[in-house]
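Participant: My questions are about this predicted structure, shown below with the sequence.
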Amino acid sequence: MDVEIAVPVVAPLAGGAPVQTGTLPAVGLLACLLHVGDDSGLGQACAALHRWIASNGYTAAGPYRECYHRYCADAPLALPPAFIASHPAAAIIELQVPVVPVRAA
């Protein structure tokens, strides 16, 4: 399994094993859903996003992304307080899927 984690930075970082640096590719059009709550609801949220994509004339055109605006973790994180949710139900996760319109047959 290949998993990539994106963390916004204000300046370039030096890469090296096991961490590699890069830039997320630009995306022309995204379908997005804002999920508020703990991780247990992500499957349903993702399914709802994909239903919306299909029912509105689009198809996925790239890898699925999750953007954590506020996150609740068990371990202390070295993040600014604005990015840490006080409890799991306060987590805010944006689900993103690059899309393109489906061509009419």
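Facilitator: Now that the structure is in, tell me what you want to look at.

Participant: confidence score at Ala45?
Facilitator: For Ala45, the pLDDT comes out at 95.

Participant: Can you tell me the SS state at it?
Facilitator: helix (DSSP: H, G, I helix; E, B strand; the rest coil).

Participant: separation between the nearest residue to it once chain neighbours are set aside and Leu13?
Facilitator: Of all residues not flanking Ala45 in the chain, His35 sits nearest, at 4.2 Å (C-beta to C-beta, 6 or more residues apart in numbering). The way it works is simple: take the backbone N, C-alpha and C, and place the C-beta from them, glycine included. Per C-beta to C-beta, to the nearest Å, His35 is found 28 Å from Leu13.

Participant: Show me which of these two is the more surrounded one.
Facilitator: Applying other C-beta atoms under 10 Å to His35 and Leu13 shows that His35 carries more neighbours, namely 20 against 10.

Participant: quick one: strands adjacent to the host helix or strand of that one?
Facilitator: Per DSSP states H and E: His35 is located in strand 30-36. Sheet pairing here is set by DSSP bridges, and for strand 30-36 it gives strand 92-101 (antiparallel).

Participant: Helix or strand: which one has the residue nearest the centre of the chain?
Facilitator: Centroid check for the chain by C-alpha atoms, centre = their mean gives Glu66 as the closest residue, at 1.2 Å. Element membership for Glu66, per DSSP H and E: strand 65-70.

Participant: Pull out the C-alpha coordinates of the helix or strand of the chain with the lowest mean pLDDT and format them as CSV.
Facilitator: Scoring the helices and strands of the chain by mean pLDDT, DSSP states H and E places strand 65-70 at the bottom, with a mean of 87. Output in CSV follows, covering the C-alpha atoms of strand 65-70 (Å, rounded to 0.1, in the frame of the first residue of the first chain):
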residue,chain,number,x,y,z
ARG,A,65,-7.6,13.2,-0.4
GLU,A,66,-8.4,14.0,3.2
CYS,A,67,-7.6,17.5,4.6
TYR,A,68,-7.7,17.6,8.4
HIS,A,69,-8.7,21.1,9.4
ARG,A,70,-9.1,20.1,13.1
